[in-house]
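Participant: coords below, sequence missing:
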């Protein structure tokens with residue numbers, strides 16, 4: 001992972017991070033992180049938290065697991081049928097003791113009640129990259145791999161796949177923190193803020209990761225393409241139906257100064273750290289004065 005002046009990305013990834021690496025986090029490059037056991041994960045998290053600005057850690061992406069084969073016709077929308085097919089000799093997964101995607105694969109098979117049935121066919125890679133290679137070369141007819149690797153431009157064999165539903169395994173969270181060494185580093189702070197922007201999330205999701213943006217908000221943004229700026233901010237605008245009462249309740253700040261402050265604190269508590277004030281209708285000067293006098297000083 002790239003270290004940007006004190007901001008580091010933490011993940012249930014595919015490399016190793018030892019104590020010496022943590023002592024040298026001020027360098028420009030940081031290895032990807034690995035977990036060998038729950039105890040190691042806990043110890044790693046404790047070490048990172050000691051070096052990080054309190055409260056700066058957040059999940060910027062969630063890894064997606066997919067059942068993949070280079071055979072275009074092998075996997076359909078019924079992933080279980082592909083797993084139970086009689087001609088399957090080898091099913092590749094990453095070693096659950098070493099790789100988070102291996103943990104996710106094992107949890108998936110347990111959720112499907114297929115782990116014991118398929119054990120004789122399971123072959124393990126030491127990490128998710130090795131597991132991907134086992135499937136890509138055909139040494140395993142199919143395997144549980146990272147969706148990001150299948151969608152990578154470097155992967156020429158798109159084959160067939162079944163994206164594993166998230167409810168079958170524990171989310172594979174990719175976290176970021178701001179290190180104490182970079183607490184005042186403008187580039188690091190800007191990088192952390194960028195990871196929370198729609199532009200960053202678009203790239204993250206394009207390459208096979210998920211985000212924690214509420215579905216209601218992404219759906220709202222998706223249909224926003226029908227917005228008619230000729231009727232911008234007008235009461236009764238034809239395009240207004242896509243802004244539902246639920247959207248307003250969840251994402252808008254309405255009411256008097258006390259109600260606005262309470263809503264902003266609620267949003268702040270779930271990770272929102274940037275707000276904009278739009279003054280487009282009557283009472284603009286009064287509204288701005290209220291924010292400056294009664295709302296902003298409480299943050």
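Facilitator: In hand now; what should we look at? As the structure is a computational prediction, the values presented were derived from the model and not from experiment. Numbers count the residues shown, from 1 in each chain.
Participant: which residues make contact with stretch 80-96 from outside it?
Facilitator: With contacts defined as Cβ atoms under 8 Å, 6 or more residues apart in numbering, stretch 80-96 is touched by 67, 69, 74-76, 100-103, 105-106, 109, 112, 114, 117-118, 121-128, 130-131, 134-135, 139-145, 162. Any C-beta I mention is one placed from the backbone N, CA and C, and that applies to glycine too.
Participant: Okay, and which of those residues map to helices?
Facilitator: 100-103, 105-106, 109, 117-118, 128, 130-131, 134-135 (DSSP state H).
Participant: If any of those residues are buried, give me the ChimeraX selection for them.
Facilitator: To isolate in ChimeraX the members of these that are buried, counting by 16 or more other Cβ atoms under 10 Å, one can use:
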select :100,101,102,103,105,106,109,128,131,134,135
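Participant: Identify, from the ones in helices among the contacts of stretch 80-96, the entry nearest to residue 272.
Facilitator: residue 100 (27.8 Å; Cβ to Cβ).
Participant: That closest one contacts residue 172, doesn't it?
Facilitator: Yes: when contacts are counted by Cβ atoms under 8 Å, residue 100 is listed as touching residue 172 (5.3 Å).
Participant: Quick check: phi and psi at the spatially most central residue of the chain.
Facilitator: In the chain, the C-alpha nearest the mean C-alpha coordinate belongs to residue 61, at 1.6 Å (Cα atoms, centre = their mean). Here is the backbone geometry of residue 61 (degrees, to the nearest 10): phi -160, psi 160.
Participant: Report the beta-bridge partners for it.
Facilitator: Residue 61 forms beta bridges with residue 174, as assigned by DSSP bridges.
Participant: give the contact list for it.
Facilitator: By Cβ under 8 Å, 6+ apart, the contact list for residue 61 reads 173, 174, 204, 209, 210, 211.
Participant: contacting residues for the nearest residue to the fifth one once chain neighbours are set aside?
Facilitator: Spatial nearest neighbour of residue 210, excluding adjacent residues (Cβ to Cβ, 6 or more residues apart in numbering): residue 62 at 4.2 Å. Residue 62 is in contact with 166, 171, 172, 173, 174, 209, 210, 211, 212, counting by Cβ under 8 Å, 6+ apart.
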